[in-house]
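Coordinates only, no sequence provided:
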C-alpha cells in the first residue's frame, strides 16, 4: 500500500472539539478540559502502521521532554478495528502500557474526529496554541522507515520551542507521511 501525505489542516483554524474515551483508564477526555495554556499536540496514530512503530519511542521522549514545560499531548486512533483488529481498544491499551505512553490514547470509533481534523495518515501531527488555533501540522521529522535518518522529532520540537519562546512557528511545514487512516466503508 502506498504511503499517504497529510492534508495540511489550515493554519490559524481552531481545533475541532471532541470527547473520546482514553483506552488506558476508561475515562472520557474532552479537548477543552485537557488543552494547555502553552500548546496542545494532537497525534493521529495507531498500533499496526510501520510509520507509527518507527516513531513510537520518540513520541514518548517528546511528551516526557515537553509536558513539564506545560505542553499537552493527546494521541487518537481512528482506524476501522473490524478490518484492523491490532488497532482495537484492548490492543491500544496494551501498546500504551508497554511503551509507557505519558499521554491519553483515545479511540475515535465513529471516525468523526479524524474527519473534523482532516486527518489522512498515521502518524499525523497537529500543534495548537493556547487559543486552540493551529500553528503547526505535518511531520514529526524527516525520518521514515528504512531511510536511514535518525528519529529526533526535530520538526515538532522546533515548532514547540518557537511557541515556548514566544516566537512565530515557521510557516514552511512538511506534510507527514504514513499509512492511510483505515476508513470504515
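Received the coordinates, thanks. For clarity, every value in this text was computed on a predicted model and none was experimentally measured.

make it CA atoms for all contacts and neighbour counts henceforth
OK.

Wait, residue 9 touches residue 118, no?
Yes: shown here, residue 9 and residue 118 form a contact pair, counting by Cα atoms under 8 Å, at 6.3 Å.

Of these two, which one has the most company?
The neighbour count for residue 9 versus residue 118, taken as other Cα atoms under 10 Å, is higher for residue 9 (21 against 15).

host element of the more buried one?
Residue 9 is part of no helix or strand, with elements assigned from DSSP states H and E.

My read is that residue 180 contacts residue 123, right?
No: the pair residue 180 / residue 123 is not scored as a contact, 9.0 Å apart, by Cα under 8 Å.

the longest helix in the chain is where?
Ordering each helix of the chain by length in residues (DSSP state H) puts helix 50-66 first.

now the angle between helix 50-66 and the next helix or strand after it, please.
Next along the chain after helix 50-66, taking DSSP H and E as the criterion, comes strand 71-77. Angle of strand 71-77 versus helix 50-66, following axes from the mean of the first three to the mean of the last three Cα atoms, to 10 degrees, is 160 degrees.

how about the helices in the protein?
Assigned by DSSP H, the helices in the chain fall at 31-34, 50-66, 89-99, 112-116, 154-164.

Can you lay out those as CSV showing distance to residue 144 and mean neighbour count?
Formatted as CSV, the helices of the chain follow (distance: least, Cα to Cα, whole Å; neighbours: other Cα atoms under 10 Å):
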stretch, distance to residue 144, mean neighbour count
helix 31-34, 29, 13
helix 50-66, 7, 18
helix 89-99, 20, 16
helix 112-116, 22, 16
helix 154-164, 13, 18
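
Where does the prediction get shaky in this protein?
1-2 (pLDDT under 70).
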